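Participant: Sequence and predicted structure below; questions after.
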Amino acid sequence: MSKKNILGFLMPVMLAVVIFASNFLNTTLFNFGDLNFSVWFVLSVLCFVCGWTIDQYLGWELGCKVIFSVLIATTLISILVVSFFNSYFNVYNIIAENLILFSLRNIALGSIGLFGMAVVEVINLRRQMAVNEEKIKTLEILNVNSKKEAELALKEAKLTAEKIIFEAEAKAKNTILKKERIENELKEFILIERDLIKKYEEKENI
């Protein structure tokens with residue numbers, strides 16, 4: 001089994017252990033003494049790291065489903081354990097308020113795990129946005145360069161077309177001039193021939 005698969009399965013188990021371990025702290029949820037606060041801080045950091053790692057290896061959608069499943073399972077197990085071992089947890093009256101307080105512990109730590117996942121997603125989205133911005137800038141530069149190249153190509157095409165038209169017009173004019181010159185030469189030749197024929201006929205009559 002690869003390292004990715006091992007961590008993908010290990011992190012949810014570790015998160016469940018950390019959340020369940022919170023049941024053995026002081027039963028008063030908001031009693032933050034010096035030592036109690038330190039333990040809660042460590043548990044919160046562990047849940048954050050678990051959420052961070054779960055998002056890295058399982059992704060956002062699957063990771064959320066896994067964390068919610070872990071949270072529901074640990075909450076149900078915690079309620080059962082607290083109900084059966086109420087004397088150990090100093091819960092002598094199994095009432096809804098006490099069970100809700102133990103459930104809030106689990107929900108609070110599970111939310112920190114979700115927060116760790118959310119932080120990873122925000123960082124990844126920010127990186128993706130930066131990459132996309134760079135791509136957009138590159139595309140804009142390429143677009144400007146393409147427009148300039150297109151304008152240059154269009155200008156070259158116009159110049160080439162004008163040159164071809166000019167050469168064609170010049171050839172046409174030369175052809176017309178040659179035709180007119182040949183026609184004039186033929187006319188002169190015909191006139192000369194007529195004059196020679198007349199002179200020849202006049203000589204014969206004499």
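Facilitator: Arrived safely.

Participant: on contacts alone, who are the packing partners of the helix or strand where F115 lies?
Facilitator: In the assignment (DSSP states H and E), F115 maps to helix 96-205. If contacts are counted by 3 or more CB pairs under 8 Å, 6 or more residues apart in numbering; DSSP states H and E, helix 96-205 sits against helix 3-21, helix 34-58, helix 60-84. Any C-beta I mention is one placed from the backbone N, CA and C, and that applies to glycine too.

Participant: right, so of those, which gets closest to K135?
Facilitator: helix 60-84 (22.6 Å; CB to CB).

Participant: So for that closest one, what gets flagged as buried?
Facilitator: Applying a neighbour-count criterion of 16 or more other CB atoms under 10 Å, one finds 63-64, 66-67, 70-71, 74-75, 78-79, 81-82 buried in helix 60-84.

Participant: export the residues you listed to a markdown table and tack on distance to E151 and pLDDT?
Facilitator: As requested, the buried residues of helix 60-84 are exported to a markdown table (distance: CB to CB, whole Å; pLDDT from 0 to 100):
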| residue | distance to E151 | pLDDT |
| --- | --- | --- |
| G63 | 51 | 83 |
| C64 | 52 | 85 |
| V66 | 56 | 87 |
| I67 | 56 | 88 |
| V70 | 62 | 89 |
| L71 | 62 | 88 |
| T74 | 67 | 89 |
| T75 | 68 | 86 |
| S78 | 72 | 82 |
| I79 | 74 | 81 |
| V81 | 77 | 82 |
| V82 | 77 | 76 |
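
Participant: Give me the angle between the helix holding F115 and helix 34-58.
Facilitator: Inter-element angle recorded for helix 96-205 and helix 34-58: 30 degrees (by axes from the mean of the first three to the mean of the last three CA atoms, to 10 degrees).

Participant: Now do helix 96-205 against helix 60-84, angle only.
Facilitator: 170 degrees.

Participant: gap between helix 96-205 and the chain center?
Facilitator: Here the centre of helix 96-205 is set off from its chain's centre by 29 Å, with CA atoms, centre = their mean, to the nearest Å.

Participant: likewise stretch 78-87?
Facilitator: 49 Å.

Participant: Alpha carbons of that stretch, as CSV, please.
Facilitator: Provided in CSV are the C-alpha atoms of stretch 78-87 (Å, rounded to 0.1, in the frame of the first residue of the first chain):
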residue,chain,number,x,y,z
SER,A,78,-18.9,9.3,23.3
ILE,A,79,-22.6,9.5,24.3
LEU,A,80,-22.7,5.7,24.9
VAL,A,81,-19.5,5.7,26.8
VAL,A,82,-20.5,8.6,29.0
SER,A,83,-23.9,7.1,29.6
PHE,A,84,-22.5,3.7,30.7
PHE,A,85,-19.5,5.1,32.7
ASN,A,86,-21.3,8.1,34.1
SER,A,87,-19.5,7.8,37.5
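
Participant: got JSON lines for the helices and strands packed on helix 96-205, with distance to N124 too?
Facilitator: Shown next, in JSON lines, are the helices and strands packed on helix 96-205 (distance: least, CB to CB, whole Å):
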{"stretch": "helix 3-21", "distance to N124": "17"}
{"stretch": "helix 34-58", "distance to N124": "9"}
{"stretch": "helix 60-84", "distance to N124": "9"}
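
Participant: Neighbours of L15, how many?
Facilitator: 27 (other CB atoms under 10 Å).
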